[in-house]
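Trainee: sequence first, predicted model second:
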Amino acid sequence: MEIKKITCIGAGYVGGPTMSVIAQKNPDIQVTVVDLNAQRIADWNQDDLSQLPVYEPGLDAVVAEARGRNLFFSTEVEKAIQEADMIFISVNTPTKTYGKGKGQAADLKFIELCARQIADVSTSSKIIVEKSTIPVRTAATIKNILDHTGKGVQFQVLSNPEFLAEGTAIRDLHHPDRILIGGENPEAIQALKKIYEAWVPSERIITTNLWSSELSKLVANAFLAQRVSSINSISELCEATGANVDEVANAIGQDSRIGSKFLKASVGFGGSCFQKDLLNLVYIARSYNLHAVADYWDQVIKINDHQKTRFAEKIIQTMYNTVNGKKIAFLGWAFKKDTNDTRESAAIYVADHLLEEQAEISVYDPKVLDVQIYKDLDYLATRTLEENKSLLQVETNPYDAAAGAHGLAILTEWDEFKDLDWAKIKTQMKKPAFIFDGRKLLDGKKLTEMGFVYYAIGE
Ligand code: NAD
Ligand code: UDX
C-alpha cells in the first residue's frame, strides 16, 4: 500500500499542526487538509503567517516550508476524499450537550458524518485513520458504516490518537515520546508507520489492537489530569498547614517512581481534552456498570471544579468578603501559555463566579481576542451578552487592565507577565493592592517587599 495522497478532515488545533508536520517530513506525499469552516481554511491559506487560526510556537515556519509545495488547505471535502489513499479524521468530538449521555458522553455526530461522507463519495480503496479522540470501540461503528456502501470499495480502519499538547505542539510532533497505531491489518499499519518513520525512530512507534489504542488515549489524558488534581488537592492542604506546594511537589517528584512532570499546582486544568476525556471515561465505565471505576475518575473532575471555585472564593474572602463594584484585573485568559485556545479555561469559570458577585473585570491576554472572551462567557448563559460586556472589559495591554484595579489575578502563566513593570502596576492600583497568583508564576517575596498583598495557590 503506497501512500501518495493524504487527506485530513478537520483543520483545527490537531489537524492543522499535525498535517503540517507530516507534510514537512514527507515532501513526496501530497497532504490536503479540509474543513467545512471556510473562514478557518481561508485563515490557514493567508499570507500573513502570524495570523494562522492556531497559535503555536514554530508552526509558522513549518507551514511556510510545506504550504503550496505538498501541503494544501481546502474546502473541497469530497474531492479530497475521493483522491486520497489515506484519510485522517481529525474532527471535534465534544461532550454531548443533549439527549442520552448529555454532559458526559462524547458527541460522535461529526465522526459519523465523516464516515458517511467517505462511504458516499469513495470510488477507490482507502485507509481511514482515527486521529480524533473517541470512545473505545468507535472504529467498529466507522467500519460498519464504510462496509455497507455496496460499492465494493475496501476500507481499513486504524486508530492513531494524537498526544500533542497545545503550546508545545510542534516540539511534541517533531519529537514524540511515542506514536501509537492500533489496527488489525498489518499492511495498513505498515503504511501508516512508514509515514511516521520519515522522522520518528521505529522503536518509538507502538502498535496495538484497535481497542487498546482507542482506550489508551482516554487513559493517558485521565492519568495526566489526575496528577494535576492530585497536586491541586494537596495545595489546599498546604494552605491550611503552612507547607508549600512547590516544595512538596519538588520533594515527591525527585522520587523517580513519581517523577517531576505535571505536578504544578494551578487554578485548575483547562483545555479541550482533559475534562471531556475524563467525562467520557466515566461515562464508558458506567455504561459497563463499573461504578467504582467511574466514581474514582469522576473525583478528578470534582477536585478540578473545586480548585476553580476555591480560587474565586479566596479572592472574594481576601477582599473583605465583597467584590461588588470592585475592579479585578485578569492577566491571561487562555487555558495555558503559548496558545490562543480558551476552551474550558479556568479563567472563564473564575470570571463567571466573580461577575455573579457583581465584580468588574478587565482582561489582558497576549493572544486571545475580545470576541472569544465574550463568546466563552456567553456560552455559560449565566447572563446576557450585554451584561457581560458592561461588567467585563478587554484591554490590549496589562497596564490598562491593572489601572484602578483593587485586585489582580494571574490566570495564565504567560512568560511576559514575569517581566512586567510591577512598580508601575502598583502605583496604578487601588491600595491595598492584592495579587492572586493562580499559576504560582511571580516572585511573591519580591512583590510582598514592594508592598503588594500577595496570595499564591498552595502557600
Ligand atoms: P477543533 O475544533 O479545533 O477542530 C475540528 C475541526 O473539524 C473544526 O474546524 C470543524 O469545523 C471541523 N469539522 C467538523 N466536522 C467536519 C466535517 N464533517 N467535515 C469537515 N470538517 C469538519 O478540534 P481539535 O482541538 O483539533 O480536536 C480534534 C480532535 O482531536 C478531538 O477529538 C480532540 O479530542 C482530539 N485531540 C485534541 C488535542 C488538542 O490539543 N486540541 C490533542 C489531542 C487530541
Ligand atoms: C493535553 C495532554 O497533555 C496531551 O497529551 C493531549 O494530547 C491533549 O491534552 P493540553 O490540554 O493541550 O494537552 O495541555 P496540557 O499541557 O496537558 O495542560 C492541560 C491543563 O493542565 C492546562 O490548563 C495546564 O495549565 C494544566 N496543568 C498542566 C497544570 O495545571 N499543572 C501541570 O503541572 C500541568
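Mentor: Okay, I see it. Ligands and ions are numbered 1, 2, ... in the order given.
Trainee: of all the residues in the protein, which ones are close to ligand 2?
Mentor: Within the chain, the positions lying close to ligand 2 (C-beta under 6 Å from any ligand atom) are 162-166, 221, 224, 228, 262-264, 266, 269-271, 273-274, 335-336. Bear in mind the C-beta positions are built from the backbone N, C-alpha and C, glycine included.
Trainee: just the ones of those residues in helices?
Mentor: Using DSSP state H, the members of these that fall in helices are 221, 224, 228, 274.
Trainee: tell me the buried residues within the residues you listed.
Mentor: Burial by neighbour count, 16 or more other C-beta atoms under 10 Å: within these this picks out 221, 224, 228, 274.
Trainee: most widely separated two among those residues?
Mentor: Greatest spacing in those, by C-beta to C-beta: 221 and 228 (10.9 Å).
Trainee: shared neighbours, the two?
Mentor: residue 274 (C-beta atoms under 8 Å, 6 or more residues apart in numbering).
Trainee: in the chain, which spans are strands?
Mentor: In the chain, the segments counted as strands under DSSP state E are 5-9, 30-34, 71-74, 86-89, 126-130, 155-159, 179-182, 205-208, 327-331, 360-364, 392-394, 407-410, 434-437, 453-456.
Trainee: reformat the ones you listed as CSV; add distance to residue 148 and mean pLDDT.
Mentor: As requested, the strands of the chain are arranged in CSV below (distance: least, C-beta to C-beta, whole Å; pLDDT from 0 to 100):
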stretch, distance to residue 148, mean pLDDT
strand 5-9, 20, 98
strand 30-34, 23, 98
strand 71-74, 28, 98
strand 86-89, 17, 98
strand 126-130, 14, 98
strand 155-159, 11, 97
strand 179-182, 22, 98
strand 205-208, 27, 98
strand 327-331, 51, 98
strand 360-364, 50, 98
strand 392-394, 50, 98
strand 407-410, 53, 98
strand 434-437, 56, 98
strand 453-456, 57, 98
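Trainee: does residue 357 really touch residue 326, like I thought?
Mentor: No. Counting by C-beta atoms under 8 Å, residue 357 sits too far from residue 326 to count as a contact (9.1 Å).
Trainee: these two touch, right, residue 373 and residue 361?
Mentor: No. When contacts are counted by C-beta under 8 Å, residue 373 is not listed as touching residue 361 (9.7 Å).
Trainee: shared neighbours of these two, which are they?
Mentor: Going by C-beta under 8 Å, 6+ apart, residues that sit against residue 373 and also against residue 361 are residue 392.
Trainee: from the stretch 301-450 of the chain, which residue is nearest to ligand 1?
Mentor: Closest to ligand 1 within the stretch 301-450 of the chain is residue 341: 6.9 Å, counting by C-beta to the nearest ligand atom.
Trainee: surely that residue and residue 272 touch.
Mentor: Yes. Using C-beta under 8 Å, residue 341 and residue 272 qualify as a contacting pair, with a distance of 6.8 Å.
Trainee: joint contacts of these two?
Mentor: Residues within reach of residue 341 and of residue 272 at once, by C-beta under 8 Å, 6+ apart, are residue 13.
Trainee: that'll do, ta.
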